[in-house]
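K.L.:
sharing a sequence plus its predicted fold:
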Amino acid sequence: MSNFLQRLDARLDSIDEYEREAVPANKRKGWKGFLGMYAGEHTAGTEFVIGPLFVAHGVAAVDLIWGLILGNILAVLSWAFLCAPVAVKTKLTLYWQLRKICGSKLALIYNIVNALMFCFLAGSMIAVAATAVGLPFGIDMPGLGDWLPTSLGWILTVFVVGLVITIIAILGYDYVARFANIAFPWMILVFIAAALAVLPELGVTSISDFWPVAKESIWTGVPAEGQSKFTFWHVMFFAWFANMAMHIGMSDMSILRFAEKWQHGFSSATGMFFGHFIAWMASGILTAAAAGAIAPGIIAYNSAGVAGAICVVIAGWTTANPTIYRAGLAFQAVTPNWKRWKVTLFTGLVTTIFACFPALVMKLLDFVALYGLVLMPMGAVIFLDVMVFPKMNLQSNLAEAVGLNFNWAAGLTWFVTLLLCLFINFYMGIEIFFLGLPGWFIAVLLYIGLSYYYQKDYRPAVAKSSAN
């Protein structure tokens, strides 16, 4: 047994994800390495939650359509013009690049926050998959108001699902991408087929029936009892900022550092329009047909039988896999002496514990908006530092250049931006869904201004470093 464990440990150690160095040229990937990954990640378990929540919040049909079109286009452009150019230029993970800019102590704080946020998100996906895995065993599914685990059976189911997902994440990016490429085509067909199958139950017997039924029976514009009213602006900004941590927040540097060229950022369109358009609409239709059921497994099973339940499981996995992978890289930057596979195993355990709490799923819209907002200011810092500072005669990678362990210009940008967003939210009444846009510009202005002031004291050290 000990020999087997030693061989397994050695094999896992041999998986090199270049978490502390630039990705070498022979490991870079073309379009195929990203199209399926983005499609699989974003045609996922969250879609079985977000689509129903739009229905519950009373989005009108016309607001949903136009909000999703515009918001998803803006999201794709954010990946292509903000995140991808930085990732391709540095070839580093977000976490290692941030260390060069901010110093080890500030990067430590950020990486812990980042990793925990991704654990929460991956945990919600494990919970989504568990709602389907638990169906054959008659396990009580969480309801819209549940915050705590509902039964021992629910906890055991979550741990089984979490174990499988963690194993795939441990195997590295190649396995994560391969899993998504295999799963995506089947998943999107199940979403579409299930929605088409239940349309007759809602009164749709021809193409001309769809729009009147959509307005009157699905996206009626009337929120469920106890839910706030969502408008076109909610949908557009949510579609744009649902993955703000990944594109504007730069977390997908960890994925796109493998890209051969920055244009591969447009690969995100497969996820946005197959997942965040078709799948959100399809799951909304399924919710209307399920008479308000909210557990993803139940919704899918009622409409597509066993295939629907399996789709929920796979959909949860394809999002949780790359998310745990990202979180593992963040923890790896915090614990550089740990082996990557052990860090990812630890990350999977933390994530699975979070997944036991149904509130992660039932409050997903609010959480997704919050975690993107928390990580967004550092995304602005990285974009400016890598792409803009060289053109402004400001020092990039200041911490590395002069030996800082805490870059106060970056730290104050992060903290002050979040405080100002909190002020705008509480005292001006602007909802969290809308804060990402003004928050990004606040962060940009703060980091440029603070850097001009802060770098004055380090110019002699910078000049000496450059000369060497």
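P.N.:
Received the coordinates, thanks.

K.L.:
number of nearby residues for I382?
P.N.:
26 (other CB atoms under 10 Å). From N, CA and C alone the C-beta is placed, and that goes for glycine too.

K.L.:
so it touches Q97, yeah?
P.N.:
Yes: with contacts counted by CB atoms under 8 Å, I382 reaches Q97, the gap being 6.1 Å.

K.L.:
who touches both of the two?
P.N.:
Both I382 and Q97 are contacted by V86, M253, under the criterion CB atoms under 8 Å, 6 or more residues apart in numbering.

K.L.:
list the contacts of stretch 76-89.
P.N.:
Outside stretch 76-89, the residues that touch it by CB under 8 Å, 6+ apart are 97, 240, 244, 246-248, 250, 252-253, 255-257, 259-266, 268-269, 272, 379, 382-383, 386-387.

K.L.:
can we see that at 7 Å?
P.N.:
Contacts to stretch 76-89, defined as CB atoms under 7 Å, 6 or more residues apart in numbering, come from residues 247-248, 250, 252-253, 256-257, 259, 261-262, 264-266, 268-269, 272, 382-383, 386-387.

K.L.:
filter those residues down to the buried ones, PyMOL style.
P.N.:
Burial among the contacts of stretch 76-89 is assessed by 16 or more other CB atoms under 10 Å; the matching PyMOL selection reads:
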select buried, resi 247+248+250+252+253+256+257+259+262+264+265+266+268+269+272+382+383+386
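
K.L.:
return the subset of the contacts of stretch 76-89 lying in helices.
P.N.:
M253, L256, S268, A269, I382, F383 (DSSP state H).

K.L.:
so for A10, what's the pLDDT?
P.N.:
As predicted, A10 sits at a pLDDT of 49.

K.L.:
also the one 4 residues further on?
P.N.:
In this model, S14 is scored at 45, pLDDT.

K.L.:
one more: I278?
P.N.:
90.

K.L.:
that one and F426, how far apart?
P.N.:
36 Å (CB to CB, to the nearest Å).

K.L.:
those two: which has the busier surroundings?
P.N.:
Each of I278 and F426 has its neighbours counted (other CB under 10 Å); I278 has more, 17 against 9.

K.L.:
so which helix or strand of this protein has the lowest pLDDT on average?
P.N.:
helix 2-13 (a mean of 46; mean pLDDT, DSSP states H and E).

K.L.:
give the buried residues for the helix or strand just after it.
P.N.:
Using DSSP states H and E, the helix or strand that follows helix 2-13 in sequence is helix 32-42. Going by neighbour count (16+ other CB under 10 Å), the buried part of helix 32-42 is G33, F34, L35, G36, M37, Y38, A39, G40, E41, H42.

K.L.:
could you verify that K215 is part of a helix?
P.N.:
Yes: counting by DSSP: H, G, I helix; E, B strand; the rest coil, K215 falls inside a helix.

K.L.:
show me what contacts it?
P.N.:
A61.

K.L.:
any chance of the buried residues of helix 32-42 in TSV, with distance to A195 too?
P.N.:
Formatted as TSV, those follow (distance: CB to CB, whole Å):
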residue	distance to A195
G33	30
F34	27
L35	23
G36	22
M37	24
Y38	22
A39	18
G40	19
E41	21
H42	17
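
K.L.:
ok, those vs L189, which is closest?
P.N.:
L189 lies nearest to A39 out of the buried residues of helix 32-42, by CB to CB, at 12.2 Å.

K.L.:
nearest residue to the closest one in space, ignoring adjacent ones along the chain?
P.N.:
Computed as CB to CB, 6 or more residues apart in numbering, the closest residue to A39 that is not its neighbour in sequence is T270, at 3.9 Å.

K.L.:
K100 versus the one you found, what's the distance?
P.N.:
Taking CB to CB, one finds T270 at 31 Å from K100.

K.L.:
how close does the residue most central in space within the chain get to G372?
P.N.:
Centroid-nearest residue in the chain: N243, 5.0 Å away (criterion: CA atoms, centre = their mean). Distance of N243 to G372, given as CB to CB: 7 Å.

K.L.:
swap in W262?
P.N.:
22 Å.

K.L.:
right, and A300 touches F48 too?
P.N.:
Yes: with contact defined as CB atoms under 7 Å, A300 reaches F48; the gap is 6.5 Å.

K.L.:
any shared contact partners between these two?
P.N.:
With CB under 7 Å, 6+ apart, A300 and F48 have common neighbours V312.

K.L.:
what's G58 sitting at in phi/psi?
P.N.:
The phi/psi pair for G58 (degrees, to the nearest 10) reads phi 70, psi 40.

K.L.:
phi, psi for I248 please.
P.N.:
phi -70, psi -40.

K.L.:
count the residues that sit near the closest residue to the residue nearest to the centre of the chain other than its chain neighbours.
P.N.:
Leaving out its chain neighbours, the residue that sits closest to N243 by CB to CB, 6+ apart is A75, at 6.3 Å. Neighbours of A75 under the rule other CB under 10 Å: 26.

K.L.:
what about the strand or helix carrying A75, distance to the chain center?
P.N.:
Assigned by DSSP H and E, A75 belongs to helix 61-78. Distance of helix 61-78 from its chain centroid, counting by CA atoms, centre = their mean, to the nearest Å, is 17 Å.

K.L.:
now stretch 381-395
P.N.:
Counting by CA atoms, centre = their mean, stretch 381-395 is centred 26 Å from the centre of its parent chain.

K.L.:
and it, how far apart are its ends?
P.N.:
13 Å (CA to CA, to the nearest Å).

K.L.:
tell me the buried residues in that stretch?
P.N.:
V381, I382, F383, L384, D385, V386, F389, L394, Q395.

K.L.:
identify the farthest-apart pair in the residues you listed.
P.N.:
F383 and Q395 (15.8 Å).

K.L.:
where do the helices sit along the stretch 101-250 of the chain?
P.N.:
When assigned using DSSP state H, counting those that start in this stretch, the helices of the stretch 101-250 of the chain occupy the ranges 104-133, 152-170, 173-198, 207-213, 232-241.

K.L.:
tell me which of those is the most buried.
P.N.:
helix 104-133 (a mean of 25; mean count of other CB atoms under 10 Å).

K.L.:
where in the stretch 101-250 of the chain is pLDDT low?
P.N.:
The stretch 101-250 of the chain contains residues with pLDDT under 70 at 134-147, 172-184.

K.L.:
try 90 this time
P.N.:
Applying pLDDT under 90 to the stretch 101-250 of the chain picks out residues 104, 107-208, 216-218, 221-228, 242-243, 245-246.
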